[in-house]
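J.: 3D, please:
(4 chains)
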Protein chains: 2
Amino acid sequence: MGERSRGVTIADVAAHAGVSQASVSRVLNGKQTVDPGIVRRVQASIAALGYAPSAAARSLVHGRNDTIAMVVPDLGNPLFQGILQGLSLAAAADGYRVLVADTAERVDEEEATALEARHRCDALVLCAPRMPETRLRRVVDRVAPVVVVNRHLPGADVPIVGVDYVRGIRDLVEHLHGLGHRHLAYLGGPPSSASNAERLRGVEEAVAAHPEMRIDVHPGGSRLDDGYEAAETVLGARERGVTAVMAYNDLVALGLMTRLRELGVDVPGDLSVAGFDDVPMARFALPRLTSLSVPRGELGAQVWARLRTLIAGGPVEHTVLYRPRLEPRESTAPPPATATAAAAGKDRA
Amino acid sequence: MGERSRGVTIADVAAHAGVSQASVSRVLNGKQTVDPGIVRRVQASIAALGYAPSAAARSLVHGRNDTIAMVVPDLGNPLFQGILQGLSLAAAADGYRVLVADTAERVDEEEATALEARHRCDALVLCAPRMPETRLRRVVDRVAPVVVVNRHLPGADVPIVGVDYVRGIRDLVEHLHGLGHRHLAYLGGPPSSASNAERLRGVEEAVAAHPEMRIDVHPGGSRLDDGYEAAETVLGARERGVTAVMAYNDLVALGLMTRLRELGVDVPGDLSVAGFDDVPMARFALPRLTSLSVPRGELGAQVWARLRTLIAGGPVEHTVLYRPRLEPRESTAPPPATATAAAAGKDRA
DNA sequence: AACGGGTGAGAAACCGCTTTCTCGGATGCA
DNA sequence: TGCATCCGAGAAAGCGGTTTCTCACCCGTT
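T.: Predicted coordinates:
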């Protein structure tokens, strides 16, 4: 590690300054009053020798690292990138650094990775949307202090920070309903993803609340290509009366819109499209994409706030779910007149 | 740190197994032959006590961490995200983890951050596109082993991994020249950025190689908004005969295209537009954006390869620059006939 | 003037592990 | 059977700090 000038240690400084190691340590940490003369000599010696205390030795005696680890399934995911950034900035403000542990979507290695990462750090942030719940609970027990992101874990003794996908979807459905849509399609994300499951719950609740509505669920994906390729499916759904599509996330929505435009389908004239996440590009798509904004950086900061409390020996704070903010833009509009008429006809029938 | 079961140490294991600490250590590291009976007893005790060796203690005695740090000016930048991901995956394969140190664009804190980060790790990856060269050289000297990303540092004793922006721009100009463009505009990035300076060098070289061409340089930025807002500037340039625009990066290009479409300017009919980086969205823009593809993940892997050599005491390997690959797509096409005629007229004059 | 309390510096223990050093016992050869 | 050799296990010395403990000294009080 930081062996700058070929290993100058605190003993060297002490000798050079003609004082004891203890005094050097005291000067360094400033937690006790030390004779000003000694302080000056020690500081001079430190400068002269280019001394920097060994982080490892410090860690050993303090039993901590000032480092936390973040376990993610995929660093390519904008959500995790945003959280990492927010987390890293917030933690840095308290002198902590963040270690990344990308499990590259290998769900069965996540547990081992989490344990290993935790072992080199003071605490853990666990993003494991696919990990089976039983395993997750076990891991959480073993790696405390830990904060879990975007999972539902009733009864577990762990702070959870996440996005209220259920509310998000419900708000979106409300928006579309208000525009006059009655028959929607949801283009699902990765089947095993917990946040997709939450969105599906939102879909169910919405339908329960609006019995006059119908929401079809189609398999989708999480990337631009997935949306692009889902266009055929979506057009099929449109044949069957769907007037608006909610995509798993913005990437899927953007990919879908691209393909739709190629196929001559007008958004939102023929079909409304909405995404989730409000990535920067959403505002720059044409038409501008209606989306649900998620404060990624703030999530990261919140994760750190929770973790800091835990590290300091504080209590497990309550779960916090950020309610996505609906950003209605041009990609959603009232359904085409024909569709409305058809629906009205159906209603009457 | 990893105090799982309230601090069970190697001494506890030794006592439990009725052997010496040294034997436990030997069993753990398997670097010496140990009596099979002892091995079994030790392993049993380890399991029984739930023992895991302290990373800090190990670090102290070994003088290393198995951790490297990556200093970045902005984790939100897709390039650095990609490099981080590639780096993290490659390093993980060798048992190393990556610490992130986001300097949040605060150039004057970069040096301190780098030193601090280096001090907790075995090596450093330095992404500091804005750091003044003198300071960079000083830092590089002090934090070795280190790999520098995307900087030109002639004569310095440090491996450099980067993108050949000069070649990239030249290839792009070649492409546009081939399409018939003679008067281009370059929408610059952050003025102090080293990679922007490289692109500008590319512009200069291109002009030198094609005296019949003209390339105007306009201030730009690095984000979607910057491109969006540069539209007026670009249209002004078009008035003055510019038929193609090269943007600092894809985000700028995408933002620009959005605004141009809003203003009724046809890309590439009225004006060609090209980006740099080949972000995923480039392929999904309409028109699909011509760009220069940069293998972000591979850069990260290459950085690790260099760093690993250095850590192992190997030599400073040569600088490696990835030549961006031109991805010609729909956003660049021959200039409009009127422009060509005008240019031809000028040529004749 | 003697004594108690307080202050600050140094000696040494300790954090938990690795590694060298030492030594006893087993083995090989004479 | 006796001696040299080898092997493996334990004792102990670090790694480089922090922190407790001890003690000398200075000050104030009676």
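J.: what does the domain assignment say about chain A?
T.: If you go by automatic domain parsing, the domain ranges for chain A are A:10-62, A:67-158+A:296-321, A:165-290+A:328-348.
J.: what does the host helix or strand of A:A305 rub up against?
T.: Using DSSP states H and E, A:A305 maps to helix A:296-311. Residues outside helix A:296-311 that contact it (CB atoms under 8 Å, 6 or more residues apart in numbering or on different chains) are A:68, A:78-79, A:81-91, A:94, A:96, A:122-123, A:125, A:144-147, A:149, A:159, A:161-163, A:315-317, A:320, A:322. From N, CA and C alone the C-beta is placed, and that goes for glycine too.
J.: And for the nearest residue to A:Y96 once chain neighbours are set aside, the neighbour number?
T.: Excluding the flanking residues, the one nearest A:Y96 by CB to CB, 6 or more residues apart in numbering or on different chains is A:D66, at 5.2 Å. Look at A:D66: counted by other CB atoms under 10 Å in any protein chain shown, it has 17 neighbours.
J.: separation between A:G82 and B:N29?
T.: For A:G82, the distance to B:N29 (CB to CB, to the nearest Å) stands at 40 Å.
J.: So those two - more neighbours on which side?
T.: Ranked by neighbour count (other CB under 10 Å), A:G82 and B:N29 place A:G82 first, with 21 against 10.
J.: Who are the contact partners of the more buried one?
T.: By CB under 8 Å, 6+ apart, A:G82 lies in contact with A:R296, A:G297, A:L299, A:G300, B:G76.
J.: Farthest pair within these?
T.: Greatest spatial distance in those: A:L299 and B:G76, 14.4 Å, computed using CB to CB.
J.: of the two, who's got more company?
T.: For A:L299 versus B:G76, the count of surrounding residues by other CB under 10 Å is larger for A:L299: 23 against 19.
J.: confidence score at that one?
T.: You'll see A:L299 listed with a pLDDT of 97.
J.: ok, and the residue lying closest to A:G202 once chain neighbours are set aside, which helix or strand is that part of?
T.: Of all residues not flanking A:G202 in the chain, A:I169 sits nearest, at 2.8 Å (CB to CB, 6+ apart). When elements are assigned from DSSP H and E, A:I169 belongs to helix A:165-179.
J.: in that helix, what's buried?
T.: By neighbour count on 16 or more other CB atoms under 10 Å in any protein chain shown, the buried set for helix A:165-179 is A:165-173, A:175-177, A:179.
J.: With stretch A:228-240 instead?
T.: A:Y228, A:E229, A:A230, A:A231, A:T233, A:V234, A:L235, A:A237, A:R238.
J.: and that stretch, anywhere near chain B?
T.: Yes. Counting by CB under 8 Å from any CB of the partner chain, chain B has neighbours in stretch A:228-240: A:Y228.
J.: contacting residues around that stretch?
T.: For stretch A:228-240, the external contacting residues (CB under 8 Å, 6+ apart) are A:185, A:187, A:216, A:218, A:220-221, A:242, A:245, A:252, A:255-256, A:258-260, A:263, A:265, A:270-271, B:284.
J.: Report all helices and strands that whatever helix or strand A:A22 lives in contacts.
T.: According to DSSP H and E, A:A22 maps onto helix A:21-29. Packing partners of helix A:21-29 (3 or more CB pairs under 8 Å, 6 or more residues apart in numbering or on different chains; DSSP states H and E): helix A:10-17, helix A:36-49.
J.: CA-only coordinates of the first one in CSV, if you can.
T.: So that's helix A:10-17. What follows is helix A:10-17, C-alpha atoms only, in CSV (Å, rounded to 0.1, in the frame of the first residue of the first chain):
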residue,chain,number,x,y,z
ILE,A,10,6.1,6.4,12.9
ALA,A,11,9.2,5.1,14.7
ASP,A,12,11.4,6.9,12.2
VAL,A,13,9.6,10.1,12.8
ALA,A,14,9.8,9.7,16.5
ALA,A,15,13.5,9.1,16.3
HIS,A,16,14.1,12.0,14.0
ALA,A,17,12.2,14.3,16.3
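J.: Packing partners of it?
T.: Counting by 3+ CB pairs under 8 Å, 6+ apart, the packing neighbours recorded for helix A:10-17 are helix A:21-29, helix A:36-49.
J.: from those helices, which stretch is densest packed?
T.: Using mean count of other CB atoms under 10 Å in any protein chain shown, the stretch among the helices and strands packed on helix A:10-17 with the largest mean neighbour count is helix A:21-29, at a mean of 17.
J.: and chain A, which residues reach DNA strand C?
T.: With CB under 7 Å from any atom of the strand as the criterion, chain A meets DNA strand C at residues A:18-23, A:26, A:32-35, A:38, A:57, A:60-61, A:63.
J.: Which pair in the residues you listed has the greatest spatial separation?
T.: Greatest spacing in the residues of chain A next to DNA strand C, by CB to CB: A:G18 and A:G63 (31.7 Å).
J.: tell me the SS of the one residue in the stretch 151-300 of chain A that gets nearest to DNA strand C?
T.: Using CB to the nearest atom of the strand, the closest approach of the stretch 151-300 of chain A to DNA strand C is made by A:D157 at 24.3 Å. Of the three states, A:D157 takes coil according to DSSP: H, G, I helix; E, B strand; the rest coil.
J.: Fine by me, we can end here.
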